[in-house]
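1. pasting the sequence and the predicted model now:
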Amino acid sequence: MDNFLIFNMQTTAGLITFYLAIKWFVFPKLAKRNIYDALVPMVLIHGLRYLGMVFMVDTQVYDAFPDDLAFTVGVWDYSTAILAIMTAIALRNHWKYAIPLAWVFNIFGFTDLIVAFPQVFEIEFYNYYLGTMWWAFSTIGVVNVISHIYIFYRLFTYKKVKINN
């Protein structure tokens with residue numbers, strides 16, 4: 001088997017496993033919560049996106065990994081992590097701009113994945129030494145995609161309730 005097939009088999013297994021676990025055990029609990037409280041854990045997961053900066057560390061990926069791509073992945077992932085933390089705090093505190101910030105975070109973070117994944121596959125990263133990033137792609141990357149989709153779902157179906165005082 002070649003690396004591409006192995007990577008895709010692992011990622012598919014991870015996608016199915018995480019999707020079912022989240023669908024069966026997390027989504028039902030979040031469905032009972034208001035949008036602010038439901039989005040906090042799904043946004044906070046992205047606080048781990050600081051891990052993308054590993055691509056910028058010389059000793060963690062193969063020497064021929066393109067510097068411009070490493071910088072792009074690292075900076076966008078780190079920016080997404082910071083946005084995630086800010087958004088989680090805003091949501092947790094029910095700040096009035098929390099929902100617009102959740103939109104900004106989710107669009108930015110999802111765009112990062114949409115832009116980065118094809119570029120990384122184009123250089124056939126799976127054929128080179130990636131250290132822990134192999135694991136991160138096939139696990140954390142999958143959870144990130146699932147959570148972004150859930151966040152979009154909740155944001156698109158959100159109806160602001162006016163409270164009369």
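-> On my side now, so go ahead.

2. what sits against residue 71?
-> When the contact criterion is Cβ atoms under 8 Å, 6 or more residues apart in numbering, the partners of residue 71 are residue 56. Quick note: C-beta positions are derived from backbone N, CA and C, even for glycine.

3. go on, the one 10 residues further on?
-> Contacts for residue 81 (Cβ under 8 Å, 6+ apart) come out as 46-50, 52.

4. swap in 6 Å and give it another go.
-> Residue 81 makes contact with 47, 49-50 under the criterion Cβ atoms under 6 Å, 6 or more residues apart in numbering.

5. quick one, strands of this structure?
-> In order along the chain, the chain carries no strands (DSSP state E).

6. any weak-confidence spans in it?
-> Flagging of the chain using pLDDT under 70 yields the residue ranges 161-165.

7. which residues in it form helices?
-> With DSSP state H, the ranges of helices along the chain come out as 3-21, 27-31, 35-44, 67-92, 98-122, 133-138, 140-157.

8. how far off centre is the third one?
-> Taking Cα atoms, centre = their mean, to the nearest Å, one finds the center of helix 35-44 at 13 Å from the center of the full chain.

9. neighbouring contacts of that helix?
-> Under the criterion Cβ under 6 Å, 6+ apart, external residues in contact with helix 35-44 comprise 30, 84, 87-88, 91-92, 94, 102, 147, 150-151, 154, 158.

10. I'd like the residues you listed laid out as JSON lines, including distance to residue 16 and neighbour count.
-> Output for the contacts of helix 35-44, formatted as JSON lines (distance: Cβ to Cβ, whole Å; neighbours: other Cβ atoms under 10 Å):
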{"residue": "30", "distance to residue 16": "20", "neighbour count": "17"}
{"residue": "84", "distance to residue 16": "25", "neighbour count": "26"}
{"residue": "87", "distance to residue 16": "28", "neighbour count": "30"}
{"residue": "88", "distance to residue 16": "27", "neighbour count": "23"}
{"residue": "91", "distance to residue 16": "28", "neighbour count": "25"}
{"residue": "92", "distance to residue 16": "31", "neighbour count": "15"}
{"residue": "94", "distance to residue 16": "35", "neighbour count": "12"}
{"residue": "102", "distance to residue 16": "27", "neighbour count": "27"}
{"residue": "147", "distance to residue 16": "16", "neighbour count": "24"}
{"residue": "150", "distance to residue 16": "16", "neighbour count": "19"}
{"residue": "151", "distance to residue 16": "20", "neighbour count": "25"}
{"residue": "154", "distance to residue 16": "22", "neighbour count": "20"}
{"residue": "158", "distance to residue 16": "28", "neighbour count": "16"}
